[in-house]
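*Asks:* All I have is the shape, not the residue letters:
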């Protein structure tokens, strides 16, 4: 895959959709990526299968509450320093950077890291979406250690964490992120090429870019949401999808608490009595219409502007907005019992079990034979 | 100085007195030190002036709330691992261990570290007492960096912190200590021999031992408190001293909050109407009799059992206890304007200025010419 600086707008838009409300504002990330590319050039982007088995791969990401990321733009020095601190700890240079999550801002931070370090970026990630906690990633599900984990704040203060499990790493990272002002650059899940090949979700950078392009193309014909759905139906991960709801935001409860943006959004249908409620913890977790679940994590729930299909992050939701809500299937590797034990509904305190979107909606199931 | 395993009881008692209520329970520390000495032998103890200028010195200490230390005894593996993590970060082996504070448990943890690592312990510390926060140490006052700082919990999870000032290091260490369950082993203030010589308080291990012995000797003659005062008056640091009060604990407010043991203790004189109030944050900060200050930090305020002169830590204070309160001068290096800006009364939120104990008490001042 080749990426041009002009592609970043589409990539950011696609990443925002896959962020399902979380992952940080891609606009801020895009500005940082543009700056890094202008200064250091566009990093080479390599496919997952082309990473040598013994290459050293690090992730690079922002960690914190999206509500805060809007207010604090990072310098890029902190991105680079987080990788350097991890290199220092391991006594080994990073050969490749991989995104930990493709959703939102964290599609862009790895571009900043790869550009500044002058090393290639892998076209893959650890979920094909965004998730609020560090252990919620296929790398962890399938056996890669989250630590050593390096985190760096805007003053370049650093913390290097080592734990024996990824949830403990998340707990430590979170308290330090709060201490650091909730806008922090991290590098973690150091792994070798063969481990990334075994655990990563391939091609997600391309997918985000193409999703962003599909929305842009759809705007020309005046129906970006339908253009998006038509494109998604061709995708091996996200192909079981539909527009779940169209309506107006009539109620919004949103707190920054425990280091997250947590809350609930209520939508009223324009021409009907139907009400949708969406619960979120950075990312949208479950959507219900009149009390019935219509999509649930790890499947993707994306809120978009009803006119432009521009994805809206949880921190940007506003009372009165007219929105469409899209539901999409997660990649198969995200729906296994091992995966659900790490980021299924119960991991977010939800009482109900995961039900795939194609089971919740007869029309998706019926279309299966034809469309996928 | 030579230390025998039998000396640890006296050393712990003296360290508890210098702990001024804080520094952790020396009983727990003594058990850990005895275990380490039995396993690895007594470490060599060297005088400050004998440390080579280019030797690498690390501190070793426990960090947390004394109330919790009582409930959780550490294994010793965590003590050793904290030093190893700092060595790993610096790429240099520790040649010497120095106590960061001689007060309480932290007189003993460095013995554990030195014994297990097989390296000498320096007869010195960074305050000649105990203090609740990491930046409150002469090493910091006179220019040694607190970080890199390594901290390790009972599961051997580790965090290595780097900041550009000691107060920021304290803030990070504290949130991580809370995450670690408030009983944590740290190694920090890595410095060279010439830096320790410039910034340390020499001879404090000997002083703590001799204070403990003076109390023990006094018990034989039935008056340990007077024996203690007689001994203290010969000491270059603590020589301006007196028994400030004798009474019964009639009120006690004590919380574990923000990672500290915080509160106030009220004493009623036995044969008079006088009331003493002592405010503490791990350590005793200020003592007032009928509203008039009789001793204030960084001078030392020590609460002892009225019969045995056994020092009582803030977490062991109990309603109804009969106690004596001793006030002692801090070392001159602890009373400079630079030092007071880091651990003077205002650093603990107290409104009044530091007044040396010899100014507060005419009888101490008058005795000056004769006794010191």
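*Replies:* Okay, I see it. In this text the structure is predicted, and so the values were computed from the model without any measurement.

*Asks:* Can you give me the end-to-end span of stretch A:103-110?
*Replies:* By Cα to Cα, to the nearest Å, the extent of stretch A:103-110 from end to end equals 12 Å.

*Asks:* what is the rounded mean pLDDT of that stretch?
*Replies:* The average pLDDT within stretch A:103-110 is 93.

*Asks:* Then stretch A:123-139?
*Replies:* 96.

*Asks:* Which residues of chain A lie near chain B?
*Replies:* A:88-89, A:155-164, A:168, A:171-172, A:175-176, A:178-179 (Cβ under 8 Å from any Cβ of the partner chain). C-beta here means a position set from N, CA and C on the backbone, and glycine is covered the same way.

*Asks:* repeat that with 7 Å
*Replies:* A:155, A:157-164, A:168, A:171-172, A:175-176, A:179 (Cβ under 7 Å from any Cβ of the partner chain).

*Asks:* now for those, which pair is the farthest apart?
*Replies:* Farthest-apart pair in the residues of chain A next to chain B is A:155 and A:164; separation 29.4 Å (Cβ to Cβ).

*Asks:* Quick one: end-to-end distance for stretch A:253-270.
*Replies:* First-to-last distance for stretch A:253-270 - Cα to Cα - comes to 21 Å.

*Asks:* Going by neighbour count, list what's buried in it.
*Replies:* A:256, A:259-263, A:265-267 (16 or more other Cβ atoms under 10 Å in any protein chain shown).

*Asks:* Pipe these into CSV and attach secondary structure and pLDDT per row.
*Replies:* Converted to CSV, these look like this (DSSP: H, G, I helix; E, B strand; the rest coil; pLDDT from 0 to 100):
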residue, secondary structure, pLDDT
A:256, strand, 80
A:259, coil, 69
A:260, strand, 77
A:261, strand, 82
A:262, strand, 89
A:263, strand, 94
A:265, strand, 97
A:266, strand, 98
A:267, strand, 98
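
*Asks:* In the residues you listed, find the pair that's most separated.
*Replies:* So, those by Cβ to Cβ: farthest apart are A:259 and A:267, at 26.7 Å.

*Asks:* so where's the stretch 251-372 of chain A shaky on pLDDT?
*Replies:* A:259, A:367-372 (pLDDT under 70).

*Asks:* would you list every one of the strands in it?
*Replies:* A:260-269, A:275-281, A:283-289, A:292-296, A:300-305, A:322-328 (DSSP state E, counting those that start in this stretch).

*Asks:* so of the ones you listed, which one's packed in deepest?
*Replies:* The highest mean neighbour count among those, using mean count of other Cβ atoms under 10 Å in any protein chain shown, belongs to strand A:300-305: a mean of 26.

*Asks:* any idea of the angle it forms with strand A:260-269?
*Replies:* With axes from the mean of the first three to the mean of the last three Cα atoms, to 10 degrees defining the directions, strand A:300-305 sits at 60 degrees from strand A:260-269.

*Asks:* other SSEs contacting strand A:300-305?
*Replies:* strand A:283-289, strand A:322-328 (3 or more Cβ pairs under 7 Å, 6 or more residues apart in numbering or on different chains; DSSP states H and E).

*Asks:* can you give me the helices in the stretch 1-150 of chain A?
*Replies:* A:8-18, A:26-40, A:66-69, A:77-90, A:109-117, A:138-141 (DSSP state H, counting those that start in this stretch).

*Asks:* Now render the ones you listed as TSV, adding distance to residue A:234 and mean neighbour count.
*Replies:* As requested, these are arranged in TSV below (distance: least, Cβ to Cβ, whole Å; neighbours: other Cβ atoms under 10 Å in any protein chain shown):
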stretch	distance to residue A:234	mean neighbour count
helix A:8-18	14	27
helix A:26-40	23	20
helix A:66-69	30	23
helix A:77-90	34	22
helix A:109-117	25	28
helix A:138-141	23	25
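
*Asks:* nearest to residue B:98, of the helices and strands packed on strand A:300-305?
*Replies:* strand A:283-289 (48.4 Å).

*Asks:* For residue A:195, grab the count of nearby residues.
*Replies:* 18 (other Cβ atoms under 10 Å in any protein chain shown).

*Asks:* in the host helix or strand of it, what's buried?
*Replies:* Counting by DSSP states H and E, the element that carries residue A:195 is helix A:193-199. Judged by neighbour count (16+ other Cβ under 10 Å), helix A:193-199 contains these buried residues: A:193, A:195-197, A:199.

*Asks:* can you pull out the strands in the stretch 101-250 of chain A?
*Replies:* Going by DSSP E, counting those that start in this stretch, the stretch 101-250 of chain A shows strands at A:121-125, A:149-152, A:158-162, A:183-187, A:191-192, A:201-202, A:241-257.

*Asks:* Packing partners of the fourth one?
*Replies:* What that stands for is strand A:183-187. Using 3+ Cβ pairs under 7 Å, 6+ apart, strand A:183-187 sits against strand A:56-64, helix A:77-90, strand A:149-152.

*Asks:* Redo these as CSV? Include mean pLDDT.
*Replies:* As requested, these are exported to CSV (pLDDT from 0 to 100):
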stretch, mean pLDDT
strand A:56-64, 93
helix A:77-90, 96
strand A:149-152, 97
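
*Asks:* Make JSON lines from those and add distance to residue A:134 to it.
*Replies:* JSON lines is the format used below for the helices and strands packed on strand A:183-187 (distance: least, Cβ to Cβ, whole Å):
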{"stretch": "strand A:56-64", "distance to residue A:134": "7"}
{"stretch": "helix A:77-90", "distance to residue A:134": "14"}
{"stretch": "strand A:149-152", "distance to residue A:134": "8"}
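
*Asks:* Just grab the bridge partners of residue A:243 for me.
*Replies:* residue A:326 (DSSP bridges).

*Asks:* just to revisit the earlier point, quick one: the helices and strands packed on strand A:300-305 as TSV, columns for distance to residue B:250 too.
*Replies:* Output for those, formatted as TSV (distance: least, Cβ to Cβ, whole Å):
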stretch	distance to residue B:250
strand A:283-289	54
strand A:322-328	64
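
*Asks:* among these, which is nearest residue A:220?
*Replies:* strand A:322-328 (18.0 Å).

*Asks:* What helices and strands are in contact with the closest one?
*Replies:* Using 3+ Cβ pairs under 7 Å, 6+ apart as the contact test, the elements touching strand A:322-328 are strand A:241-257, strand A:300-305.

*Asks:* would JSON lines of these with distance to residue A:129 be doable?
*Replies:* JSON lines is the format used below for the helices and strands packed on strand A:322-328 (distance: least, Cβ to Cβ, whole Å):
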{"stretch": "strand A:241-257", "distance to residue A:129": "13"}
{"stretch": "strand A:300-305", "distance to residue A:129": "5"}
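
*Asks:* With respect to residue A:137, which of these lies nearest?
*Replies:* strand A:300-305 (15.3 Å).

*Asks:* Tell me how far residue A:296 lies from residue A:142.
*Replies:* According to Cβ to Cβ, to the nearest Å, residue A:296 and residue A:142 sit 22 Å apart.

*Asks:* try residue A:56
*Replies:* 18 Å.

*Asks:* cool, and residue A:239?
*Replies:* When residue A:239 is compared with residue A:142 (using Cβ to Cβ), they lie 23 Å apart.

*Asks:* can you list the domains in chain A?
*Replies:* For chain A, automatic domain parsing gives the domain ranges A:5-202, A:222-371.

*Asks:* closest one to residue B:74 among the ones you listed?
*Replies:* Of those, nearest to residue B:74 by Cβ to Cβ is domain A:5-202, at 17.6 Å.

*Asks:* Isn't residue A:246 up against residue A:306?
*Replies:* Yes - Residue A:246 is within contact range of residue A:306, at 5.9 Å (criterion: Cβ atoms under 7 Å).
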